[in-house]
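Chemist: Let's see this in three dimensions:
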Amino acid sequence: MLSVLVAGSSLGWIRANESLYYRISKALETYTEVFRRVSLEYVDDVEPEKFVRIGLDAMLASLDPYTVYMDETQSEDFDSQVSGRYVGLGIQVGVMDSMLTITGVAQGYAAEKAGLRKGDRLVSVDGVNVISVTPKDLRRYTRGERGSVAKVEVLREGRSDTLRFDVQRNDITVRSVTYSVRRADGIGVIKLERFTRKTAQEMMIAMDSLRAQGPISGFILDLRDNPGGLLDAAVSVCELFTKTGSIIVTTKGRRDGDTRVYTNNSVPYDTESPMIVLVNKSSASAAEVVAGCLQDLDRAVICGEQTFGKGLVQSQYPLPYGTTLKLTTQRYYCPSGRCIQRRDYSKKSAGTDSVFTPKMFATSLNRPVADACGISPDTAIRDEDLPMAVQEVVRKGLVFKAATSFAARTSKMPPGFDAQSLLPDLERLVREDGLDPHASLRKKLQEARTMTASEPHLDGIERGLRGLESEMSKQQSAFVRAHAKTFVRLLKDEVTSRFTGENDYQQMVMARDESVAACADLIRTRAYARFLTPRVATR
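Modeler: Predicted coordinates for the structure are as follows:
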């Protein structure tokens, strides 16, 4: 008979799970024997390491997307993400036309100083052909010993021969705060991209800098597209804005003794200034910890879109040979007691993609908030959605290519540059690509025609659908001109990024950001206060 589990007692848990240890031992024995038999007896040679990796990946994939096995290289990459530092060249890459292409060059680092440019196509690194390697695999060639020199060969638009650069590997700092500015109305805007060990320190520096420029009438913390990072970093950010003694977040694991309550034990930076947190559907994990904490404590108004809904916490377990297991071990709960985890991965083994049913909780001012659905904004502000056809042009890198071609023809940004002049180039690229900007809509029309063709009484509808297809074909050649205003803006942004420092570029983009402007209006008109009105409890 199993012993009764004693809350908080590890011994009690072990005794209650004696049968679990037996089942683990039995399963491992079976797994080991299958692996041994396949490795030794299968008709073809089997690579043991690769075979085990396939098994591990499949096993962990049955749990949730965040529990993963990382080899030595992946472990180093993960460490650099959470530390915010790595030794490398300072470039970001992507695949365009099946070639590895530089999509960003970090300002002030070795790659920029050596002369590498956004749009350059990588050919080799230290004599190794990297044309067709994946962006992830490239890291084994660009990373290395501090001070070592990487010999980089690239193809550049407008040049028939390859160019060679000597780039010294050095410490690269990945910033958490990528942009901060004090607006003319005294509102400080801070863009927070990720949560690393230095995030809170960067936040302090940014806020001190903003205050040095003049009085601050409020803060806008922009967490849009922030995928998260370290839980401790999120807690440290919350400590800057909440009162001493406030509960920030609680994590709960499988056993009762795994519960941990994170409380603000420090002196806060600012608990009084009006504050708005801007989020969208890609704000996740640690970003949701911050948004949920500040919402539940009624310290900030949350604006934007419903967030992603990741309420799971991962722990790292070192494994042999420099490998690591990143394992989901806890869920986190906001101060109101809600867990914002949207998907129920416990149903995954049954082949269902289930979501939790939301329940209602209350903030410190008794405002209603829901769990199991991410963070719902107090007021909705929707970022501009590009038309699907425009998104397809951007996704295929055609705006990027048009800007790369222009940048190859000039050494600096022309005074009074008008991106309208690049529309013919973009039209040519769309034609050469054979892109059908309305492909998804055309497919749906064809499906509808197939359904109506067999029904004589729907003949008129089928003819109408056929006519609509014909009209779409006529307008296809005029597609770029029809969206000229949007494409001119996208082209100007892409070209500007080639000749402007990162901060200046971000400042230009933020200056016309309608979501930030809407948040500033809420602070400036004091309309934000109506969202933080105490509610009378009802019974």
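Chemist: all contacts plus neighbour counts: C-alpha atoms, from now on.
Modeler: Fine.
Chemist: Scan this protein for its longest strand.
Modeler: strand 324-333 (DSSP state E).
Chemist: helices or strands up against the next helix or strand after it?
Modeler: Sequence-wise, the next helix or strand downstream of strand 324-333 (DSSP states H and E) is strand 343-344. Helices and strands touching strand 343-344, by 3 or more C-alpha pairs under 8 Å, 6 or more residues apart in numbering; DSSP states H and E, are strand 354-355.
Chemist: Does anything pack onto the strand it packs on? Which helices or strands?
Modeler: Judged by 3+ C-alpha pairs under 8 Å, 6+ apart, strand 354-355 is in contact with strand 343-344.
Chemist: Compute the first-to-last residue distance for stretch 234-253.
Modeler: End-to-end distance for stretch 234-253, by C-alpha to C-alpha, to the nearest Å: 19 Å.
Chemist: chain center to that stretch, what's the gap?
Modeler: Distance of stretch 234-253 from the chain centroid (C-alpha atoms, centre = their mean, to the nearest Å) equals 23 Å.
Chemist: Name the residues of that stretch that are buried.
Modeler: 234-243, 246-253 (16 or more other C-alpha atoms under 10 Å).
Chemist: do the same with stretch 197-205
Modeler: 197, 198, 199, 200, 202, 203.
Chemist: For the second one, give me its contacts.
Modeler: Under the criterion of C-alpha atoms under 8 Å, 6 or more residues apart in numbering, the neighbours of residue 198 are 83, 84, 176, 233.
Chemist: got the residues you listed as TSV, with distance to residue 221 and pLDDT columns?
Modeler: Putting these into TSV (distance: C-alpha to C-alpha, whole Å; pLDDT from 0 to 100) gives the following:
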residue	distance to residue 221	pLDDT
83	22	79
84	20	81
176	12	95
233	15	97
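Chemist: out of those, who's nearest residue 489?
Modeler: residue 176 (26.6 Å; C-alpha to C-alpha).
Chemist: The closest one: neighbouring residues, count only.
Modeler: Residue 176 has 21 neighbouring residues, counting by other C-alpha atoms under 10 Å.
Chemist: which residues touch it?
Modeler: By C-alpha under 8 Å, 6+ apart, the neighbours of residue 176 are 84, 192, 193, 194, 195, 196, 198, 199, 202.
Chemist: Pick the one among these closest to residue 332.
Modeler: Using C-alpha to C-alpha, these come closest to residue 332 at residue 195, 16.2 Å.
Chemist: what residues are up against that closest one?
Modeler: 82, 176, 228, 229, 230, 231, 233, 234, 286, 287.
Chemist: swap in residue 302?
Modeler: Each residue near residue 302 by C-alpha under 8 Å, 6+ apart is listed here: 276, 277, 278, 279, 291, 295, 376, 377, 378, 379.
Chemist: Quick one: which of the contacts of residue 176 has the lowest pLDDT value?
Modeler: Note: of the contacts of residue 176, the lowest pLDDT belongs to residue 84, at 81.
Chemist: Quick check: the gap between it and residue 172.
Modeler: Counting by C-alpha to C-alpha - residue 84 and residue 172 are separated by 8 Å.
Chemist: ok, now residue 339?
Modeler: 35 Å.
Chemist: which of the two has more neighbours?
Modeler: Each of residue 339 and residue 172 has its neighbours counted (other C-alpha under 10 Å); residue 339 has more, 28 against 19.
Chemist: In this structure the more buried one contacts residue 371, no?
Modeler: Yes. Counting by C-alpha atoms under 8 Å, residue 339 touches residue 371, with 5.3 Å between them.
Chemist: what residues do these two have in common as contacts?
Modeler: Counting by C-alpha under 8 Å, 6+ apart, residue 339 and residue 371 have no contacts in common.
Chemist: just checking, residue 531 touches residue 377?
Modeler: No. Assessed by C-alpha under 8 Å, residue 531 is found out of contact with residue 377, at 10.6 Å.
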